[in-house]
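>>> Next one to model:
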Amino acid sequence: MSPTGSETGARNFDLAGQLWAWAKQDGTGKGFDSSSGFTLPNGAVRSPDLAWILLSRWEAIPAAERKRFAPICPDFVLELRSESDALEPLQAKMVEYLENGARLGLLIDRKQRQVLAYRPGQAAEVLDNPTSVSGETVLPGFRLVMENIW
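Okay, here's the model as predicted:
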């Protein structure tokens, strides 16, 4: 995949910084940026814009397997729709994450100023122009501030 545009890169940096700060303070898991690939249980290799995995699940993977595309689906995934992305493939990717074990997925659609929240066994919840988005029980205490993302 080619590099993102500069504005998208700046937004990804802001998103990653917010997750990083929370994860360092929380200490219960490990965060990953968009350059990290994971081999899902269905065999697909995916690289979400942001991901987080509970530390006990991460540490259960043999060290040698963590060096490649770790065989695990993150507990939390986030995708930021870029200007050139069609919405439907991203929605399908979020469903795939859930089907493979993700517990929370956020799809940020800047074009519509919406965040689509994906949870197992539920339809996607559409949040219109939120100022922040909760990490719920998957990322307790995490709030994603949307001010610099829109």
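>>> phi, psi of the residue lying farthest from the centre of the chain?
Centroid-distance maximum for the chain: Ala64 at 23.8 Å, with CA atoms, centre = their mean. For Ala64, the backbone dihedrals are phi -60, psi -40 (criterion: degrees, to the nearest 10).
>>> by contact count, what packs against the helix or strand of the chain with the lowest mean pLDDT?
Lowest by mean pLDDT, DSSP states H and E among the helices and strands of the chain is helix 6-26, with a mean of 94. Judged by 3 or more CB pairs under 8 Å, 6 or more residues apart in numbering; DSSP states H and E, the packing partners of helix 6-26 are strand 29-32, strand 50-54, strand 76-80, strand 143-145. Quick note: C-beta positions are derived from backbone N, CA and C, even for glycine.
>>> just for the protein, where's the confidence low?
Across the chain, the stretches falling below the confidence threshold (pLDDT under 70) are 1-2.
>>> can you do 90?
Scanning the chain for pLDDT under 90 picks out the ranges 1-10, 82-84.
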